[in-house]
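K.L.:
here's my sequence, what's the structure:
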Amino acid sequence: MKRCAASVLMFTSISGFCQLSNQDTIAQDSVTIELDDPISRRLDSTFLAYYFEKEDFTTDTLQLNTFNFQPNEIPVVPDSIIVERLIRMSEMSPISFSPDKRTIAFARLYAEKKRRLTSRMLGLAELYFPVFEELLIKNQMPEELKYLPIIESALNAKATSPMGAAGLWQFMPGTAKQMGLEVSYYIDERRELYQSTEAACKYLKDAYNIYKDWHLAIASYNSGAGNVNKAIRRSNGKTNFWEIIQYLPRETQNYVPALLGCAYAMKYHREHNIYPIEPSRRNFEIDTVWINQRVKFSVVEKYLKVSIKELEYLNPAYPKLLVPDTKEDRPLVMPIVYIGLFESNKDSIYAKSKRSSSLPTDSSPKRTKGEEKNNEREGFIYYTIRKGDTLWDVAQRYDGVTMDDLKSENSHLNFKKLKTGTKIRIPK
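P.N.:
Okay, the predicted model is just below:
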């Protein structure tokens with residue numbers, strides 16, 4: 001991840017997805033843009049396949065089709081009309097939708113070649129955009145920034161880049177922690193809708209306060225402020241994105257036009273005969289319960305008959321499929337039809353989710369191998385320390401077990417002087 005200083009702020013490159021290659025080539029007049037479209041990769045993943053049970057438009061296209069297009073018709077829209085619409089968007093936004101040839105090329109990409117993907121994003125928008133819009137308005141920021149997570153993650157909260165960026169807004173772990181997000185074994189707030197959006201708003205707002213230009217703030221979100229500052233220096237102090245574009249990393253040269261083109265396609269989707277493909281769950285069909293005790297998804301599945309897969313889909317911030325026991329309330333999202341059932345069974349769910357343990361004493365008698373095997377029914381199992389093992393290594397072997405759990409379960413041992421062959425208890 002790139003790092004650089006700007007004024008008194010340290011910005012880091014957040015995006016890890018938009019790498020350019022020769023995978024797609026879009027020609028616009030004399031300009032050829034090479035694109036490795038980030039949306040198609042995320043939408044082709046097996047995880048996102050769960051979002052969409054149907055491939056056809058699931059909304060009333062007869063009502064939305066106000067231009068009387070034929071089914072599957074791809075309207076022929078001249079550049080002059082796209083330019084006119086981009087200028088109209090600029091008049092209504094603090095972000096300039098510059099009708100550059102790159103922007104027009106991306107507008108055509110999402111409105112023509114990738115129209116099926118745009119349909120899916122329109123469907124997911126109902127789930128995510130209300131939160132994006134709420135926080136952008138709260139921070140007095142351009143509403144069009146809500147399209148940035150489409151470019152970053154294709155609205156896939158489970159998305160993880162090869163570089164380690166994760167979540168809707170694709171924060172790197174270090175940047176996430178700088179922005180106040182928790183990234184730990186049990187909780188990854190980069191994947192939590194509300195908190196990650198708050199962090200992204202803060203990052204972008206800080207960047208704008210430095211550059212006083214939304215194009216440059218967006219560019220720094222992709223490549224880091226260091227690359228933007230370097231481009232400004234190499235251009236003899238120019239601060240217009242289009243005048244410094246040749247000095248920016250190649251991926252960032254297309255990042256800002258991609259956002260502008262995506263925003264165009266999402267706004268003018270009806271004019272291009274594109275309509276939403278809705279996901280399996282919509283915003284009004286889900287709700288949140290707040291809990292401050294340990295809750296396993298497997299236990300919730302047992303009592304509520306809601307699948308673990310759906311709980312994972314709705315709660316991507318819990319990578320170990322459980323809500324840990326913390327001092328503060330934590331959200332658990334589920335289909336609204338299960339809220340009442342959860343409330344009536346929550347005491348049983350809490351009880352069954354607790355990790356059972358049998359605390360040892362110094363006078364505990366030695367057990368035979370057969371007795372050790374039977375300990376699985378007593379709430380723990382044994383692990384034999386191997387050469388090179390650390391406490392962290394052992395904890396990683398068992399889902400939901402932390403180093404503190406091991407220390408608590410084996411308080412009679414000195415973990416600083418563990419020898420090979422020592423047996424330690426692992427709580428179930």
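K.L.:
contacts, neighbours, all on C-alpha from now
P.N.:
OK.
K.L.:
where does this protein dip in pLDDT?
P.N.:
By pLDDT under 70, the weakly predicted segments of the chain are 1-63, 65, 67, 280-284, 355-379, 399-400, 428.
K.L.:
tell me how it divides into domains.
P.N.:
3-272, 283-353, 369-427 (automatic domain parsing).
K.L.:
out of these, which is the most enclosed?
P.N.:
domain 3-272 (a mean of 19; mean count of other C-alpha atoms under 10 Å).
K.L.:
centre of the chain to that domain, how far?
P.N.:
How far domain 3-272 lies from its chain's middle: 13 Å, per C-alpha atoms, centre = their mean, to the nearest Å.
K.L.:
next, give phi and psi for Lys407.
P.N.:
Per-residue torsions, Lys407: phi -70, psi -40 (degrees, to the nearest 10).
K.L.:
any idea how far it lies from Asn209?
P.N.:
Applying C-alpha to C-alpha, to the nearest Å, the value for Lys407 to Asn209 is 47 Å.
K.L.:
longest helix in this protein, by number of residues?
P.N.:
Assignment by DSSP state H gives helix 115-138 as the longest helix of the chain.
K.L.:
next SSE after that one?
P.N.:
Per DSSP states H and E, the first helix or strand lying C-terminal to helix 115-138 is helix 148-153.
K.L.:
and the residue nearest the centre of the chain, what does it touch?
P.N.:
The centroid of the chain falls nearest to Gly167 when counting by C-alpha atoms, centre = their mean (1.8 Å). Listed by C-alpha atoms under 8 Å, 6 or more residues apart in numbering, the contact partners of Gly167 are 153, 156-160, 190-192, 196.
K.L.:
same check on Arg108?
P.N.:
Contact analysis of Arg108 by C-alpha under 8 Å, 6+ apart lists 261, 265.
K.L.:
which element is it on?
P.N.:
With DSSP H and E as the test, Arg108 turns up in helix 101-108.
K.L.:
okay, the angle between that helix and helix 115-138?
P.N.:
Angle, helix 101-108 to helix 115-138, by axes from the mean of the first three to the mean of the last three C-alpha atoms, to 10 degrees: 110 degrees.
K.L.:
need the nearest residue in space to Val306, chain neighbours excluded.
P.N.:
Val300 (7.3 Å; C-alpha to C-alpha, 6 or more residues apart in numbering).
K.L.:
before we move on, which element is the one you found in?
P.N.:
Element membership for Val300, per DSSP H and E: helix 297-304.
K.L.:
tell me where this protein has strands.
P.N.:
3-6, 9-12, 24-28, 31-35, 286-291, 295-296, 322-323, 330-335, 380-384, 423-427 (DSSP state E).
K.L.:
who does the fifth one pair with, and is each partner parallel or antiparallel?
P.N.:
To tie it back to what came earlier, the one meant is strand 286-291. strand 330-335 (antiparallel) (DSSP bridges).
K.L.:
distance of Asp329 relative to Pro130?
P.N.:
Where Pro130 is concerned, Asp329 sits at a distance of 23 Å (C-alpha to C-alpha).
K.L.:
hang on, the earlier thing: could you give the angle of the helix holding Val300 to strand 330-335?
P.N.:
Using the same axes, to 10 degrees: helix 297-304 against strand 330-335 is 50 degrees.
K.L.:
which other residues reach helix 297-304?
P.N.:
By C-alpha under 8 Å, 6+ apart, helix 297-304 touches 306-308, 311, 321-323, 338, 341-342, 345, 349, 352-353.
K.L.:
redo those as CSV? Include distance to Thr288.
P.N.:
Formatted as CSV, the contacts of helix 297-304 follow (distance: C-alpha to C-alpha, whole Å):
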residue, distance to Thr288
Val306, 14
Ser307, 16
Ile308, 16
Leu311, 12
Leu321, 16
Leu322, 15
Val323, 13
Tyr338, 10
Leu341, 13
Phe342, 11
Asn345, 16
Ile349, 16
Lys352, 21
Ser353, 19
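K.L.:
Ser119: which of those is nearest?
P.N.:
Leu311 (24.4 Å; C-alpha to C-alpha).
K.L.:
contacting residues for the residue lying closest to that closest one once chain neighbours are set aside?
P.N.:
Nearest residue to Leu311 in three dimensions, chain neighbours excluded: Met334, at 6.4 Å (C-alpha to C-alpha, 6+ apart). Neighbouring residues of Met334 by C-alpha under 8 Å, 6+ apart: 286-288, 311, 314.
K.L.:
Tyr147 and Glu310, how far apart?
P.N.:
25 Å.
K.L.:
what's the answer for Lys146, then?
P.N.:
25 Å.
K.L.:
and Arg115, how far is that from Phe132?
P.N.:
23 Å.
K.L.:
which ones are touching Val131?
P.N.:
193-194, 197.
K.L.:
would you turn those residues into a markdown table with distance to Tyr275?
P.N.:
A markdown table is the format used below for the contacts of Val131 (distance: C-alpha to C-alpha, whole Å):
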| residue | distance to Tyr275 |
| --- | --- |
| Leu193 | 24 |
| Tyr194 | 26 |
| Thr197 | 26 |
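K.L.:
return the member of those nearest to Pro279.
P.N.:
Nearest to Pro279 among these, with distances taken as C-alpha to C-alpha, is Leu193, at 16.6 Å.
K.L.:
ok, back up a step: put the alpha carbons of the longest helix of the chain into CSV.
P.N.:
Extracted C-alpha coordinates of helix 115-138, given in CSV (Å, rounded to 0.1, in the frame of the first residue of the first chain):
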residue,chain,number,x,y,z
ARG,A,115,-25.6,-3.3,-18.9
ARG,A,116,-26.4,-6.5,-17.1
LEU,A,117,-24.0,-5.6,-14.4
THR,A,118,-25.5,-2.1,-14.1
SER,A,119,-28.9,-3.8,-13.7
ARG,A,120,-27.6,-5.7,-10.7
MET,A,121,-26.1,-2.6,-9.2
LEU,A,122,-29.4,-0.9,-9.5
GLY,A,123,-31.0,-3.8,-7.6
LEU,A,124,-28.4,-3.6,-4.8
ALA,A,125,-28.7,0.2,-4.6
GLU,A,126,-31.9,-0.2,-2.7
LEU,A,127,-30.0,-2.0,0.1
TYR,A,128,-27.0,0.3,0.3
PHE,A,129,-27.7,3.7,-1.1
PRO,A,130,-30.1,4.9,1.7
VAL,A,131,-27.2,4.6,4.2
PHE,A,132,-24.6,6.2,1.7
GLU,A,133,-27.0,9.1,1.0
GLU,A,134,-27.8,9.7,4.7
LEU,A,135,-24.1,10.0,5.7
LEU,A,136,-23.1,12.0,2.6
ILE,A,137,-25.8,14.5,3.3
LYS,A,138,-24.9,14.5,7.0
